[in-house]
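> this one's sequence-less:
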């Protein structure tokens, strides 16, 4: 195949949202599609690769699973759904956003600011836009390290790296491998493209024009959403919008009116003077450390879920330094969190479930205090995804108010 040519026959591995969207998009283009999924019981059937020109892999499927490993051994290219979407949307410039934290907020802010559709890791697959957006229209695309592992021609017109800290070590195995996956966002950019990076960030690959941002940058307006981390996200978005030629008033209006995203420091309710905040999207320790700096009020902090390979000692120190009354620990990571929080002198309760954590926190929280769900962990031990965890938190809080 030439770089942007599509396969005659493809295998789609993983039939969650992105896999299903990839299947539909390929079939619409006339490609014969074979599907494999753990729920179908055929994700280890190597004969499915016979006659296949490309394997399109869902981001949740590790690269060392039998089918992608065998595909590489046979010389069959493995694409992420993002790679497929980029090829199918060749007439649309892509503004891609990655980083350890802040991807969703920054992507949605840019979509709001520029009037552009937002897709990728935010929940709407990029391939879902095929045939739905007119040629030439800008698309904002949030991309994760899992998706960037399997890109080949992906070259966004503007690429943003927000930050880069330890995360997903359970998948990538090392900080270096995680970093390498993230930085693939820049590799194939051309001289007329733009790479937006934090001020002072090290060398990156690719030949794009480099633009830097910093939390202290002068902005045309202050963002509506609170926190220094959100000002940093706003600085990155502003740098990207300026690179695309957006007018200052357009940028300012977007900053002043963007309300934030669900599950990211989302106010749920105030009951009896106690505020309840849903930060379920905080699936690593960096996000929680940032959340802790957002509130001056005493915090009742709900932590836990499925650990992602990060140590919790630095988080425990940050919790100890913050105004945390009690930490309520849930899920598989409750006991390891308890060890590090105990060493740091943080009062905690092994609540096990989110329902008990909310009930216990509500029973002791006083007017003026905040009950904050900011888990620092993935949700897959007890919930389908972080959205379901956040929605359950909202439901539990609403029940408190009758």
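Perfect, I can see it now. The structure displayed is predicted, hence computed values, not measured ones.
> so where is the stretch 251-400 of the chain shaky, pLDDT-wise?
Within the stretch 251-400 of the chain, no range satisfies pLDDT under 70.
> All the strands of it, in order from the start?
For the stretch 251-400 of the chain, applying DSSP state E, counting those that start in this stretch gives strands covering 266-271, 274-278, 299-304, 324-330, 348-352, 370-373.
> List the buried residues in the last one.
Applying a neighbour-count criterion of 16 or more other C-beta atoms under 10 Å, the buried positions in strand 370-373 are 370-373. Just so you know, the C-beta spots here come from the backbone N, C-alpha and C atoms, and that holds for glycine as well.
> do the same with the fifth one
For strand 348-352, the neighbour count (16+ other C-beta under 10 Å) marks 348-349, 351 as buried.
> could I get those residues as CSV with distance to residue 359?
As requested, these are exported to CSV (distance: C-beta to C-beta, whole Å):
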residue, distance to residue 359
348, 16
349, 11
351, 8
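> Considering those, which is situated nearest to residue 34?
Distance to residue 34 across the buried residues of strand 348-352 (C-beta to C-beta) is lowest for residue 351, with 44.9 Å.
> Starting from residue 202, give me the distance back to the closest one.
Distance, residue 351 to residue 202, using C-beta to C-beta, to the nearest Å: 41 Å.
> Kindly report the same for residue 332.
According to C-beta to C-beta, residue 332 and residue 202 sit 35 Å apart.
> What of residue 307?
28 Å.
> So which of those two has more stuff around it?
Taking other C-beta atoms under 10 Å, residue 307 and residue 202 do not tie; residue 307 has more neighbours (19 against 9).
> Leaving aside the residues adjacent along the chain, what's closest to residue 123?
Using C-beta to C-beta, 6 or more residues apart in numbering and skipping the chain neighbours, the partner closest in space to residue 123 is residue 17 (7.1 Å).
> Please report the distance of the one you found from residue 103.
From residue 17 to residue 103 the distance is 17 Å (C-beta to C-beta).
> Of the two, which one has the most company?
More neighbours surround residue 103 than the other of residue 17 and residue 103, with 24 against 15 (other C-beta under 10 Å).
> pretty sure that one is touching residue 142, no?
Yes. Counting by C-beta atoms under 8 Å, residue 142 is a contact partner of residue 103 at 4.8 Å.
> Which neighbours do these two have in common?
Taking C-beta atoms under 8 Å, 6 or more residues apart in numbering as the contact criterion, the common neighbours of residue 103 and residue 142 are 97, 121-122.
> got a markdown table for these, with secondary structure, pLDDT and neighbour count too?
Converted to a markdown table, these look like this (DSSP: H, G, I helix; E, B strand; the rest coil; pLDDT from 0 to 100; neighbours: other C-beta atoms under 10 Å):
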| residue | secondary structure | pLDDT | neighbour count |
| --- | --- | --- | --- |
| 97 | strand | 98 | 33 |
| 121 | coil | 91 | 23 |
| 122 | coil | 87 | 20 |
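> Any chance of the residues you listed in TSV with distance to residue 224 as columns?
Formatted as TSV, the shared contacts of residue 103 and residue 142 follow (distance: C-beta to C-beta, whole Å):
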residue	distance to residue 224
97	19
121	23
122	19
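> ok, of the residues you listed, which one's closest to residue 315?
Among those, residue 121 lies closest to residue 315 (C-beta to C-beta), at 23.2 Å.
> residues contacting the closest one?
59, 103-104, 142-144, 147.
> so of those residues, which ones are in strands?
Cross-referencing the contacts of residue 121 against strands under DSSP state E gives residue 142.
> Can you flag the buried ones in the contacts of residue 121?
Looks like these have 59, 103-104, 142-144, 147 buried, using 16+ other C-beta under 10 Å.
> Would you check which pair of the residues you listed lies furthest apart?
The two members of the buried ones among the contacts of residue 121 with the most space between them (C-beta to C-beta) are 59 and 104, at 14.7 Å.
> For residue 345, list the residues it contacts.
Contacts of residue 345 by C-beta under 8 Å, 6+ apart are residue 320.
> The same query, at a cut-off of 10 Å, please.
316-317, 319-320 (C-beta atoms under 10 Å, 6 or more residues apart in numbering).
> tell me which of these is nearest to residue 195?
residue 317 (33.5 Å).
> any chance you could map the strands in the stretch 51-200 of the chain?
54-57, 78-80, 94-98, 118-120, 139-142, 158-161, 194-198.
> Parallel or antiparallel, list what pairs with the fourth one.
Using DSSP bridges, strand 118-120 pairs in its sheet with strand 139-142 (parallel).
> cool, and the third one?
Each strand paired with strand 94-98, and its direction, by DSSP bridges: strand 139-142 (parallel), strand 158-161 (parallel).
> cool, the last one as well?
The sheet places strand 194-198 alongside strand 158-161 (parallel), strand 209-213 (parallel), with pairing taken from DSSP bridges.
> Need the winner for burial among those strands.
Mean neighbours per residue, mean count of other C-beta atoms under 10 Å, is largest over the strands paired with strand 194-198 for strand 158-161, with a mean of 27.
> From the chain's centre, how far out is that one? Work that out for me.
14 Å (C-alpha atoms, centre = their mean, to the nearest Å).
> Could you give the average pLDDT over that strand?
Taken as a whole, strand 158-161 has a mean pLDDT of 98.
> so what are the domain limits for this protein?
For the chain, the structural domains run 9-76, 89-257, 266-400, going by automatic domain parsing.
> Tabulate these in JSON lines, adding columns for distance to residue 83.
JSON lines is the format used below for those (distance: least, C-beta to C-beta, whole Å):
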{"stretch": "domain 9-76", "distance to residue 83": "8"}
{"stretch": "domain 89-257", "distance to residue 83": "5"}
{"stretch": "domain 266-400", "distance to residue 83": "23"}
